[in-house]
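[1] Got a sequence here, can you model it:
(2 chains)
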Amino acid sequence: MNLAALQGDFRGWLVEASEHAARRIGPAARPGLSVYQNNYRTQLVTCLAETLGHTHAWLGDEAFLAASIAHIDAVPPHAWTLDVYPAGFAETLARLYPGDAEVSELAALEWALSRAFTAPDAAPMSLTDLAAVDWDTAALRFAPSLQILPATTNAAAIWSALAAGETPPAAARLPEAAALLVWRQDFAPTFRTIDAVEEQAIALCAAGQDFTALCASLAETLGEKPGMARAAALLGKWIGDGLIIGAAPPSTAA
Amino acid sequence: MNASVPTFSGYGLGLRREHYRDFLETAIDVDFVEVISENFMVDGGRPRDILRRVRERHPVALHGVSMSIGSADGLDRAYLERLKALVDEIEPLFVSDHLSWSRFEGFNSHDLLPLPYTAEALDVVCANIGLAQDVLGRAMLVENPSSYVAFDGSTMSEWAFIDAMCQRTGCHLLLDVNNIHVSAVNHGFDPVAYLDGIPAARVRQVHLAGHSQGEDMLIDTHDRPVPTPVWTLYEHAMSRLGPVATMIERDDAIPPLDELLAELKTARRIGTAARRKAAA
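    Residues are numbered from 1 along each chain as shown, chains lettered A, B, ... in the order given. This next block holds a predicted model:
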């Protein structure tokens, strides 16, 4: 058996526990193969549990382990780093718990916070930096850690309670759909709930529209005066949150 | 072929999350620290900041677990480029990874899987090490693995494979003494013959660790102190090796730093005595 065939069989043994593959690897290998099978699965379960600790707590040991096994069977790891293995776990949970959207939303939030933890560094603008900005042409550039997640449940409140060591609230749907803004402030991943107006404003800026276009969009949505006031408030909030890393004409903003 | 890696004689510890604060805020009596490369091959955030600050205080060795130098379908270029960026920034003492494979055709086991010791596997490993050394612009250290499977198709011993690998690629060795003990017990070979069979002059670093007893074999768990048989083997190794960097490698059940420093003191005592005796 050449090396490629052997490695293919080893993969078959780890992923599918294929007895055919185990037999081809060799009779002498059988006891040791079980050690590798155990190491493979244990490592992936541990990775999911450590990255998604609050989801684990919310579901309980038995349900989380069952979901982990379902995910491991469906999605073998492929990246060079184990850190990204939890990437699709929220989708697996959405499939396993179709009537309990808070489960997948909680996992998605934890995964987004994990991604933000190691997102690229970028120095945020301060209020002082704003004085030098030409607002007629400036397009805002957001921190690379920024992510926006849809929110239909109180998963954020559940996360916050679990993080504080408190009893989490019962799962509930939000009165109206919102979004979660996830990013990193200094070295600490954080998040807050945002409304549809702020979500659209961020999407518009992220698409490369300049601040003038943002103001025009908000004026159209909210009316002239409230729109201008909201634009100023959002800018102040984003600067305070450390979300803005640049404000320059679109051609130089990249 | 890349230039030989300079020797470094000293005693160090693996940098683990539980001890970040100790290493950043106090003077720790180590000659170097080793970090798991992949933990810091991230875009940014606290991990990179910590490594930069630790590097200001100590020489750092980069120890990888994901290069997969035994992959039949070659190395992951994106991985190599990312490692190269870290190497360029940190300027480590050593860059090491394992004589094993993890990845095959888009699947990554995230485990250090065993290789058959055949001429074909030697060709694969040497080609991969050659590519890695070219991209990194320096010679690597390759660590002997612990293993739970021996293949019927192997045509040479692990130490003969390692000797040929070093000769063909110019790579150096990270000698894991615990791994020799674990594999020797699991596969029934003589660990002293192993030590006597590897090219001692190529060894630049030594790992010491503990293991646990599994159902049928020893398991390389790195979750307990270095046991007596490993110390005995280390003493023999140190009588044969040139200047090396010795490290206690603990990856699980991480104890308070003082316990690891006490273990390192034992390594220092045994290593120094063995070298003195060999020189006499």
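[2] So which bits of stretch B:226-236 are buried?
    B:226, B:229, B:230, B:231, B:233, B:234, B:235, B:236 (16 or more other Cβ atoms under 10 Å in any protein chain shown). All C-beta atoms are positioned from the backbone trio N, CA, C, and that covers glycine.
[3] Which of those residues fall in strands?
    Judged by DSSP state E, strands contain none of these.
[4] As CSV, those residues with pLDDT and distance to chain A would be great.
    CSV is the format used below for the buried residues of stretch B:226-236 (pLDDT from 0 to 100; distance: Cβ to the nearest Cβ, whole Å):
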residue, pLDDT, distance to chain A
B:226, 95, 21
B:229, 96, 20
B:230, 97, 19
B:231, 97, 25
B:233, 97, 22
B:234, 97, 25
B:235, 97, 29
B:236, 96, 26
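[5] tell me which element residue 56 falls in.
    In the absence of a named chain, chain A is used. helix A:53-59 (DSSP states H and E).
[6] The chain in question should be chain B.
    helix B:46-57.
[7] Burial check on the closest residue to residue A:88 other than its chain neighbours, number of neighbours?
    Nearest non-adjacent residue to residue A:88, counting by Cβ to Cβ, 6 or more residues apart in numbering or on different chains: residue A:75, 5.5 Å away. Neighbours of residue A:75 under the rule other Cβ atoms under 10 Å in any protein chain shown: 15.
[8] And for residue B:91?
    10.
[9] The host helix or strand of residue B:127 near chain A anywhere?
    Following DSSP H and E, one finds residue B:127 within helix B:119-136. Yes: counting by Cβ under 8 Å from any Cβ of the partner chain, chain A has neighbours in helix B:119-136: B:120, B:121, B:124.
[10] I am assuming the second one contacts residue B:69, so please confirm or correct that.
    When you say that, I think you mean residue B:121. No: Residue B:121 is beyond contact range of residue B:69, at 10.5 Å (criterion: Cβ atoms under 8 Å).
[11] check contacts around residue B:104.
    A:4, A:7, A:8, A:10, A:11, B:71, B:72, B:73 (Cβ atoms under 8 Å, 6 or more residues apart in numbering or on different chains).
[12] all strands of the stretch 101-250 of chain B, in order?
    B:101-104, B:107-113, B:141-143, B:172-176, B:203-208, B:212-213, B:218-219, B:245-248 (DSSP state E, counting those that start in this stretch).
[13] I meant chain A, not that one.
    Under DSSP E, chain A gives strands at A:139-142, A:147-153, A:173-185, A:188-194, A:244-248.
[14] and of those, who's closest to residue B:218?
    Judged by Cβ to Cβ, the one of the strands of chain A that comes nearest to residue B:218 is strand A:188-194, at 39.7 Å.
[15] Okay, now the sheet partners of that closest one, with direction.
    strand A:173-185 (antiparallel) (DSSP bridges).
[16] Return the distance of the partner strand from the chain's centre.
    12 Å (Cα atoms, centre = their mean, to the nearest Å).
[17] ok, and the closest non-adjacent residue to the residue in the stretch 151-254 of chain A that chain B sits nearest to?
    Nearest residue of the stretch 151-254 of chain A to chain B: residue A:187, at 4.1 Å (Cβ to the nearest Cβ). Take residue A:187 and drop its neighbours on the chain: the residue closest to it by Cβ to Cβ, 6+ apart is residue B:46, 4.1 Å away.
[18] Give me the pLDDT for that neighbour.
    Per-residue confidence at residue B:46 stands at 96 (pLDDT).
[19] check contacts around residue A:238.
    Shown in contact with residue A:238 (Cβ under 8 Å, 6+ apart): A:140, A:142, A:244.
[20] Most neighbours out of those, which is it?
    Going by other Cβ under 10 Å, residue A:140 tops the contacts of residue A:238 with 27 neighbours.
[21] For residue B:243, grab the count of nearby residues.
    12.
[22] quick one, phi/psi of it?
    phi -60, psi 130 (degrees, to the nearest 10).
[23] cool, residue B:70 as well?
    The phi/psi pair for residue B:70 (degrees, to the nearest 10) is phi -100, psi 10.
[24] How about it, nearest residue that isn't a chain neighbour?
    In space, residue B:70 is closest to residue B:101, 3.4 Å off (Cβ to Cβ, 6+ apart).
[25] quick one, what contacts the closest residue to residue B:86 other than its chain neighbours?
    Using Cβ to Cβ, 6+ apart and skipping the chain neighbours, the partner closest in space to residue B:86 is residue B:41 (5.5 Å). Residues counted as contacts of residue B:41 (Cβ under 8 Å, 6+ apart) are A:81, B:79, B:82, B:83, B:85, B:86.
[26] ok so the last one is a helix residue?
    The one in question is residue B:86. Yes: when DSSP: H, G, I helix; E, B strand; the rest coil is applied, residue B:86 is found to be in a helix.
[27] That one against residue B:38, yeah?
    No: between residue B:86 and residue B:38 there is no contact under Cβ under 8 Å: 9.4 Å.
[28] Burial check on residue 47, number of neighbours?
    If you meant another chain, say so; for now it's chain A. Neighbours around residue A:47, by other Cβ under 10 Å: 20.
[29] hm, I was asking about chain B
    Count around residue B:47 with other Cβ under 10 Å applied: 19.
[30] just checking, it touches residue B:39?
    Yes: using Cβ under 8 Å, residue B:47 makes contact with residue B:39 at a distance of 6.1 Å.
[31] Identify the residues contacting the closest residue to residue A:245 other than its chain neighbours.
    Leaving aside its sequence neighbours, residue A:245 sits nearest to residue A:122 (Cβ to Cβ, 6+ apart; 4.3 Å). Neighbour list for residue A:122: A:143, A:144, A:245, B:44 [criterion: Cβ under 8 Å, 6+ apart].
[32] I'd like the distance from the first one to chain B, if you could.
    Using Cβ to the nearest Cβ, to the nearest Å, we find residue A:143 at a distance of 10 Å from chain B.
[33] Kindly export the lengthiest helix in chain A (C-alpha atoms) in PDB.
    Assignment by DSSP state H gives helix A:30-51 as the longest helix of chain A. Provided in PDB are the C-alpha atoms of helix A:30-51 (Å, rounded to 0.1, in the frame of the first residue of the first chain):
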ATOM      1  CA  ARG A  30      -5.900  -2.400  15.400                       C
ATOM      2  CA  PRO A  31      -5.400  -1.600  19.100                       C
ATOM      3  CA  GLY A  32      -3.500   1.600  18.300                       C
ATOM      4  CA  LEU A  33      -6.100   2.700  15.800                       C
ATOM      5  CA  SER A  34      -8.700   3.000  18.600                       C
ATOM      6  CA  VAL A  35      -6.400   5.400  20.400                       C
ATOM      7  CA  TYR A  36      -6.200   7.700  17.400                       C
ATOM      8  CA  GLN A  37     -10.000   7.400  16.900                       C
ATOM      9  CA  ASN A  38     -10.500   8.400  20.500                       C
ATOM     10  CA  ASN A  39      -8.000  11.300  20.300                       C
ATOM     11  CA  TYR A  40      -9.600  12.600  17.100                       C
ATOM     12  CA  ARG A  41     -13.100  12.800  18.500                       C
ATOM     13  CA  THR A  42     -12.100  13.900  22.000                       C
ATOM     14  CA  GLN A  43     -10.100  16.800  20.600                       C
ATOM     15  CA  LEU A  44     -13.000  18.000  18.400                       C
ATOM     16  CA  VAL A  45     -15.600  17.700  21.200                       C
ATOM     17  CA  THR A  46     -13.200  19.600  23.500                       C
ATOM     18  CA  CYS A  47     -12.700  22.300  20.900                       C
ATOM     19  CA  LEU A  48     -16.400  22.900  20.500                       C
ATOM     20  CA  ALA A  49     -17.000  22.900  24.300                       C
ATOM     21  CA  GLU A  50     -14.200  25.300  25.000                       C
ATOM     22  CA  THR A  51     -15.100  27.800  22.300                       C
END
